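*Asks:* structure of the sequence below:
(chains A, B and C)
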Amino acid sequence: MEPLIEVRGLRFRYDDGTLALDGVDFQLFPGETVALFGRNGSGKTTFVHHLNGLLAGEGFVSVCGLRVERRNLLAIRRKIGLVFQDSDEQLFMPSVLEDVTFGPLNRGLDTTAAIETARHALRDVGLEALAGRAPYHLSAGEKKRVALAGILAMEPEILVLDEPTTFLDPPAQRDLAALLRRLPQAKLVVTHDARFARALARRAVFFEKGRIVADGPVGEIVERFQWVPGTTSGGEAGIQPAE
Amino acid sequence: MHIPDGFLSTPVWISLDAVCVPAIGYAARRARQELEETRVPLLGVMGAFVFAAQMINFPVGAGTSGHLVGGALLAIALGPAAGVVVMTAILSIQAFVFQDGGVLALGANVLNMAFAGVVAGYLPYRLWGRRRLAFFAGGASSVLVSASLALSELLLSGVPMPRPVLAVTLGLFAVNAAIEGAITAAVLEGIHGLDAGFVRHPEGTAPRTLAGVAMVSVVLAAVGVLVASTHPDAIEKLVERLGGPARRLFAGPLADYQARFFASPWLQKAAAGLAGLALICCVCLLIGRLIARQRSA
Amino acid sequence: MHHVVIESWSRGASLLHARDARVKVIVLLAFLIALATTPRLTPAACACYAALAIAGILLGRLPLGPLLLRAAIVLPFSATFAAFSLIVGDAPRAAGLLVKSYLSAAAVLVLVGTTPLAKLLRGLESLGAPRLLTLVVQFLYRYLFVISEQAQHMRLAALCRGSGPRPLHFRAAAGAIAVLFARSYQRAEGIHQAMLARGFAGHTQLLSSTRIGLRDLLFLVAGLSLVLALRASLGVLWNP
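*Replies:* Modelled structure (predicted):
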């Protein structure tokens, strides 16, 4: 099976000299969902921004068979959709419908086709009723789903979600997990939430200081790196419950 | 000072709207040249930022508080053309959505605050660079020029202002100008402290004398118009002296009507005032063009 | 917040909501020009202009009381100058200032209360407004609420830490604005990246604007005729 994403020896240094990525190797196969764990600043978001060409470093990065370089960027950005952590930065148009049509219009669809595609995507996330609303009065969960619709409207093969549960309350987190499980695309989920990751992914990678130091089943990675903050029963590591 | 509808007399608001339309088109084209289209969100967000910042209270003593207007801040942070566009966007939203300033009067308010205010706010920085004094002078002259122009337009339209009130108003202008200068300087220093890249040295190699002359002429023109509009007699004498040759130029079958037309006092006042305002606009546009040419040289 | 209320009005449904933005703008301008150029506002003339404005409010199914209340925003400024006019003995001008500024504000509210901002901007574009300007207004409006909220949070946080001596307060406010600037700048960077990630190639594509229908034309003709008839009946064209 050909990997959808192939990364070899990716290195990236910021303008101020910080080495953000120090030789990353990674592969994503069709139908897979992979969780990306790691401390803040370990390079997860930086890595993910190399996959759609927002950043360019040294090394080999290929998405759906296309090398990530300037002449392929438009095509690549149709294949891989990135849902940003801050929904307010992602939903920048005056209404939900206009925002979701942004991607299709950029692809060259005419108004009617773009609106049709947008409505379809909004139906997929269950928010067709909100088409005429302004984005900034939606709840965090609704914003996240609209952002997802905006990406789905581009009909990508890969979905990348950067810390999608930030600001979401537990019910919204559950709804999002259920929605994502229904979507057939391969997925990369950057997250701190081990439970959310386990609901979606079988495989996880762990970032540390700009490199991937572990790659394996989700449960194993969580266990090995003690990636559990909350209170637990059953003796797992974590913060002890208050007395 | 946002002028509502119903205050300005017909010749004043019509001519200001007429000048404003091509001026905005020009500013938009220049801003487009200077920034790629991907910067549109930045301009919008900066506009929202200034809008939000205008609502923050700055205590200035004696229980009063001042507010930022932001013309100079925008000009220095984004460049004059972008500053004009963003300020115009702010004023448009204020007029339509918040009823702060009229719709017919939008031309006047835009010329006062988005053009004259922004250019006047930019010139000291262009002249003296990243100095606290330049920031202060930018903020202060921005408010002085835009407020003087607004007041002149009101006076030209015949809006009554008793002498003592006029004196107090001018005093308030000076106070507001100082406040704007202080806030602008403090904020720009804060911004520079956060990231030196935000406030760069002004670009271009235009000679300082040019910017200096521009600065002085803009302020003088605004003050001149203000003075002129408060002394209508002097204007009438001036226009009478100039009106003679003008009348001969327009001789024709309607000469009689035209003679009465030109003799009417309000027209003389309006014409003189408008000539002054047109002078300011031309000066600003000329300056803009010269600075731009120097930049690209 | 004020603009939130107006926005909810603009998403309503009525005869006016259904009209093309361009014809509404043209009729509004005609009304404003007629009002502004009317030399002497007799009580009868006031009543006629007010009637037109109220007709607009009713046709737009807008809440009469709240709208008339919001138009009163202009009154403090106008009342001051009306007072000056009375002092110098020019009572007609005093009335004119008050009535003209108030009715103009009410008329503008009818426009924005029946037209969502994005539609209004597209309409203004067709009438000649530069695309760069309308896009900036669009983005500004989109982030106005978000950034204002941020500013309010910062203000509250500062208040929670008590008010200190005056110069410190000033510098604290300036510092807060500087931080707000930096965060806004970063936000703009994020928006830029989000646009690129969805295939933005340098030119903002927008949904194509609506076409003018027969009803729009009828409204345009009716509106302009009413306004022109009223204005003509009030006499001389010049405003001395």
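
*Asks:* phi, psi for the residue in chain A that chain B sits nearest to please.
*Replies:* In chain A, the residue that lies nearest chain B is A:Phe92 (6.4 Å; CB to the nearest CB). (Glycine included, C-beta is placed from N, CA and C.) As for A:Phe92, its main-chain torsions (degrees, to the nearest 10) stand at phi -100, psi 0.

*Asks:* nearest residue to it other than its sequence neighbours?
*Replies:* Closest residue to A:Phe92 apart from its sequence neighbours, by CB to CB, 6 or more residues apart in numbering or on different chains: C:Ile191 at 5.0 Å.

*Asks:* that neighbour and B:Ala48 touch, don't they?
*Replies:* No: at 11.4 Å, C:Ile191 does not count as touching B:Ala48 under the criterion of CB atoms under 8 Å.

*Asks:* out of those two, which sits in the more crowded spot?
*Replies:* B:Ala48 (29 against 26; other CB atoms under 10 Å in any protein chain shown).

*Asks:* helix or strand: which one has the more buried one?
*Replies:* For B:Ala48, the host element (DSSP states H and E) is helix B:40-53.

*Asks:* immediately after that helix, which helix or strand?
*Replies:* Downstream of helix B:40-53, the next assigned helix or strand under DSSP H and E is strand B:58-61.

*Asks:* please write out the alpha-carbon positions of that following strand in PDB.
*Replies:* Provided in PDB are the C-alpha atoms of strand B:58-61 (Å, rounded to 0.1, in the frame of the first residue of the first chain):
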ATOM      1  CA  PHE B  58      -7.300  56.600  29.400                       C
ATOM      2  CA  PRO B  59      -7.400  58.600  32.700                       C
ATOM      3  CA  VAL B  60      -6.100  62.100  32.100                       C
ATOM      4  CA  GLY B  61      -6.800  63.700  35.400                       C
END
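
*Asks:* against which helices or strands is it packed?
*Replies:* strand B:64-66, helix B:163-194, helix C:166-197 (3 or more CB pairs under 8 Å, 6 or more residues apart in numbering or on different chains; DSSP states H and E).

*Asks:* mind putting these into CSV with distance to B:Val227 and mean pLDDT?
*Replies:* Converted to CSV, the helices and strands packed on strand B:58-61 look like this (distance: least, CB to CB, whole Å; pLDDT from 0 to 100):
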stretch, distance to B:Val227, mean pLDDT
strand B:64-66, 26, 77
helix B:163-194, 11, 90
helix C:166-197, 33, 88
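
*Asks:* minimum distance to B:Gln33: which of these has it?
*Replies:* Smallest distance to B:Gln33 across these (CB to CB): 19.1 Å, for helix C:166-197.

*Asks:* which residues sit against the following helix or strand past that closest one?
*Replies:* As assigned by DSSP H and E, the chain's next helix or strand after helix C:166-197 is helix C:214-233. With CB atoms under 8 Å, 6 or more residues apart in numbering or on different chains as the test, helix C:214-233 has contacts from C:18-20, C:22-23, C:26-27, C:30-31, C:34, C:37-38, C:48-49, C:52.

*Asks:* state the phi and psi torsions of the residue nearest to B:Glu189 when sequence neighbours are not counted.
*Replies:* Leaving aside its sequence neighbours, B:Glu189 sits nearest to B:Arg132 (CB to CB, 6+ apart; 6.6 Å). Dihedral pair for B:Arg132: phi -60, psi -40, per degrees, to the nearest 10.

*Asks:* tell me where the model's unsure across chain A.
*Replies:* For chain A, applying pLDDT under 70 flags the ranges A:229-241, A:243.

*Asks:* and it, which residues reach chain C?
*Replies:* A:49, A:52, A:54, A:74, A:77-78, A:81-82, A:84, A:86, A:88-90, A:92-95, A:98, A:101-103, A:105-107, A:110-111, A:114-115, A:132, A:134-137, A:150-151, A:154 (CB under 8 Å from any CB of the partner chain).
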